[in-house]
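Chemist: Got a sequence here, can you model it:
(2 chains)
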There are 2 protein chains.
Amino acid sequence: MTPLFECVPNFSEGRRPEVIEAIVSPFRSRPGVHLLDFRADADHNRLVVSVAGEAEALQEALLGAARAAITSIDLRTHRGAHPRIGAVDVIPFVPLRGADMGDAVRLARGFAGRYARETSVPVYLYEAAALRPERRNLETVRKGQFEALQKETETPERAPDVGGPRLHPSAGATAIGARPFLVAFNINLESSDLALARSIARTIRASSGGLPHVKAVGVALQERGLVQVSVNCTDYRVTGLHQVLERVREEAAKCGVRVLETEIYGLVPAAALLSEAARSLQVAGFDEAQVLDLRLLDVMSGIAEVGGRG
Amino acid sequence: MTPLFECVPNFSEGRRPEVIEAIVSPFRSRPGVHLLDFRADADHNRLVVSVAGEAEALQEALLGAARAAITSIDLRTHRGAHPRIGAVDVIPFVPLRGADMGDAVRLARGFAGRYARETSVPVYLYEAAALRPERRNLETVRKGQFEALQKETETPERAPDVGGPRLHPSAGATAIGARPFLVAFNINLESSDLALARSIARTIRASSGGLPHVKAVGVALQERGLVQVSVNCTDYRVTGLHQVLERVREEAAKCGVRVLETEIYGLVPAAALLSEAARSLQVAGFDEAQVLDLRLLDVMSGIAEVGGRG
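Modeler: Numbers count the residues shown, from 1 in each chain, chains lettered A, B, ... in the order given. Below you'll find the model as predicted:
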């Protein structure tokens, strides 16, 4: 029984290949840690790493990557399009296989103490790991970015949860959190009417009373002459991709517009798609443990044991 | 790059727990071999093991299990409802991750030589690994079972492909093959009309000109007062579960009958369901490598390497 977590640390470096490699390197070939993906973006000047693993090994690798980032990145001179408060900007833990959100919250809070102690970078706890309700929202934590936060940490509203009270002079602060897997799901309409896409996005998003755990904006895909409802499903177990698509289909149909196609951007958990397949194929009593590849994954990682039926 | 195979060896023992455990035991805790499931059936007097692993480790484990079966099972006194020709009756290899059917055929044929040499049990090669076209069909190989085959191996039509010419006196022969993953997919109708279920089964099955790689029979679920079209999808990449369900829906609708629900019996590869989810969600350009759990599996088993995008 070794629960697996995903972690998606974001670092404020998207340009210097040697720094990127120094940050990614601790995630390679450490037993119990599995590097899934990494993407560096020069405009955002940001590196997003996807890694999965066991709690202990993951924390060791994260500390190694953080040390590399803190040594090489100076927020006082850093420029990029993406908002950030630190050299290591955010570290969200996502429960994967054999783990639930409670496990991820405990991991995030436990790691926050160790991280602040070993790096001298103060920590804000966010989303499910937040200690203050308003910090569930990452945007609240990141408000004004490094530049404003530097001057405001002495006020109680903006004091770090762990470490501090002052930010690390060059590396700022880090937001550490726990959250469900986030699925980026874009729905392209057979239309060039941006107002329609925006109106549908407004209708379906949680913040305006639409579907829970759905964020959405309407955007134009100018090269293709189409518009898109760009959706983040922040908890696909509550609102599945199918429900989002159905609502968009309905709203578009009111204006005689059809959905052309959808896109899944980046990684998606198997469960988000398997539940849709089971629904669409009318499968009664479907059990994820029947899926060969997932069973193999759980057996390989020691999550499942095979008793057999005699 | 370590290709993974599934193997589903069937042994002619479904009653004695100590023999079952002796056969299953070599598949436990051997590095590179992952026991997924096993089911013993007393009426069939048969044990079906599902195991996944790397070619070399899998072969070692199979030889260990075969030795246990050959020592303990005597076909001369064996009785059971399921047709069989040997103590180790069939050993099909299924390409899993990082492997294709050609790899599985090479593995099956290579293993056949080693198996016959080390166990003195002759081998018939079947399905994709068959050396003679008529032996692609396992039923041809198994015709008349152990009792008839014993007397017929001297005829060219029934001579083993490897080893022999006589069967092993107590352990008979073994059919070793390569095939795609077989998905058992049952479709329950809102009807008690057995003739309808049988007629639909006839319409959709490959042998009567229906859907390729589909086997189907109509059966009554007497306790529930329903009928079922019981389907084996022998190559879901050619005919997917959705296509089978659609045809059954259409045929049933001609008689005003609806599909109540479906069932997937036993294991199913993620790909068989993911393709359906992608279709149903209209996902353009969907790539299995985007599925977090599969990516993790491939990274853990060394099939995928993460280059990243900088």
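Chemist: for stretch A:75-86, which positions count as buried?
Modeler: For stretch A:75-86, the neighbour count (16 or more other C-beta atoms under 10 Å in any protein chain shown) marks A:75, A:78, A:80, A:82, A:84-86 as buried. For glycine as for every other residue, the C-beta is placed from the backbone atoms N, C-alpha and C.
Chemist: which SS class is whichever residue of the stretch 1-150 of chain A sits closest to chain B?
Modeler: Nearest residue of the stretch 1-150 of chain A to chain B, counting by C-beta to the nearest C-beta: residue A:38, 4.0 Å away. Here residue A:38 is recorded as strand under DSSP: H, G, I helix; E, B strand; the rest coil.
Chemist: Just the pLDDT at it, thanks.
Modeler: According to the prediction, residue A:38 has pLDDT 93.
Chemist: same question, the one 5 residues further on
Modeler: Per-residue confidence at residue A:43 stands at 88 (pLDDT).
Chemist: need the contact list for the residue nearest the centre of chain A.
Modeler: Geometric centre of chain A, nearest residue: residue A:182, 5.4 Å, by C-alpha atoms, centre = their mean. By C-beta atoms under 8 Å, 6 or more residues apart in numbering or on different chains, the residues touching residue A:182 are A:232-234.
Chemist: which residues of chain A score low on pLDDT?
Modeler: In the predicted model, chain A carries pLDDT under 70 at residues A:1, A:303-310.
Chemist: Domain ranges for it, per the record?
Modeler: Listed by automatic domain parsing, the domain ranges of chain A are A:4-178, A:183-268.
Chemist: Can you say which of these is nearest to residue B:271?
Modeler: Closest to residue B:271 of the domains of chain A, according to C-beta to C-beta: domain A:183-268, at 14.4 Å.
Chemist: Give the helix, strand or coil label for the nearest residue to residue A:55 once chain neighbours are set aside.
Modeler: In space, and not counting its chain neighbours, residue A:55 is closest to residue A:107: 5.3 Å by C-beta to C-beta, 6 or more residues apart in numbering or on different chains. Put simply, residue A:107 is helix when judged by three-state DSSP.
Chemist: Contact partners for residue A:107?
Modeler: Contacts here follow C-beta under 8 Å, 6+ apart; on that basis residue A:107 touches A:5, A:55, A:59, A:93, A:178.
Chemist: how far away is the closest residue to residue A:168 other than its chain neighbours from residue B:64?
Modeler: In space, and not counting its chain neighbours, residue A:168 is closest to residue A:121: 4.5 Å by C-beta to C-beta, 6+ apart. Distance, residue A:121 to residue B:64, using C-beta to C-beta, to the nearest Å: 53 Å.
Chemist: Next: residue A:93.
Modeler: To residue B:64, residue A:93 is 41 Å away according to C-beta to C-beta.
Chemist: do residue A:188 as well
Modeler: Distance of residue A:188 to residue B:64, computed by C-beta to C-beta: 54 Å.
Chemist: before we move on, what about residue A:203?
Modeler: Taken as C-beta to C-beta, the span from residue A:203 to residue B:64 is 62 Å.
Chemist: on that earlier part again, hmm, which two among the contacts of residue A:107 are most spread apart?
Modeler: A:59 and A:178 (13.7 Å).
Chemist: So for the two, which sits in the more crowded spot?
Modeler: Shown here are residue A:59 and residue A:178; by other C-beta atoms under 10 Å in any protein chain shown, residue A:178 has more neighbours (25 against 21).
Chemist: Please list all residues in contact with that one.
Modeler: For residue A:178, the contacting residues are A:92-95, A:101, A:104-105, A:107-108, A:127-129, by C-beta under 8 Å, 6+ apart.
Chemist: and the stretch 151-300 of chain A, which residues reach chain B?
Modeler: For the stretch 151-300 of chain A, the residues in contact with chain B (C-beta under 8 Å from any C-beta of the partner chain) are A:181, A:188, A:241-242, A:245, A:259-264, A:266-271, A:273-274, A:276-286, A:290-297, A:299-300.
Chemist: Mind checking which of those are in strands?
Modeler: A:188, A:259-264 (DSSP state E).
Chemist: can you pick the most crowded of these?
Modeler: Going by other C-beta under 10 Å, residue A:264 tops those with 24 neighbours.
Chemist: out of the domains of chain A, nearest to residue B:21?
Modeler: Smallest distance to residue B:21 across those (C-beta to C-beta): 26.4 Å, for domain A:4-178.
Chemist: And that closest one, end to end?
Modeler: With C-alpha to C-alpha, to the nearest Å as the measure, domain A:4-178 spans 14 Å from end to end.
Chemist: ok now that domain, how far from the chain's centre?
Modeler: Distance of domain A:4-178 from its chain centroid, counting by C-alpha atoms, centre = their mean, to the nearest Å, is 12 Å.
Chemist: SS state for residue A:124?
Modeler: Residue A:124 carries the three-state label strand when classified by three-state DSSP.
Chemist: immediately after the one helix or strand residue A:64 maps to, which helix or strand?
Modeler: Assigned by DSSP states H and E, residue A:64 belongs to helix A:55-72. Counting by DSSP H and E, the element after helix A:55-72 in chain order, helix or strand, is strand A:88-95.
Chemist: If I take that next one and helix A:55-72, what angle do their directions form?
Modeler: Angle, strand A:88-95 to helix A:55-72, by axes from the mean of the first three to the mean of the last three C-alpha atoms, to 10 degrees: 170 degrees.
Chemist: For strand A:88-95, which outside residues touch it?
Modeler: With C-beta under 8 Å, 6+ apart as the test, strand A:88-95 has contacts from A:3, A:5-12, A:46, A:62, A:65-66, A:69-70, A:101, A:103-104, A:107-108, A:111, A:115, A:119, A:121, A:126-127, A:129, A:138, A:171, A:174-181.
Chemist: Likewise for stretch A:59-70?
Modeler: In contact with stretch A:59-70 (C-beta under 8 Å, 6+ apart) are residues A:7, A:9, A:11-13, A:19, A:22-27, A:30, A:33, A:49, A:51, A:53, A:87-88, A:91, A:107, A:111, A:114-115, A:118-119, A:121, A:168, A:170-171, A:174.
Chemist: cool, and stretch A:77-84?
Modeler: So stretch A:77-84 is in contact with A:10, A:12, A:14, A:41, A:43-46, A:75, A:87, A:142, A:145-146, A:172, going by C-beta under 8 Å, 6+ apart.
Chemist: Give me the subset of these lying in strands.
Modeler: Residues of the contacts of stretch A:77-84 located in strands (DSSP E): A:10, A:41, A:46.
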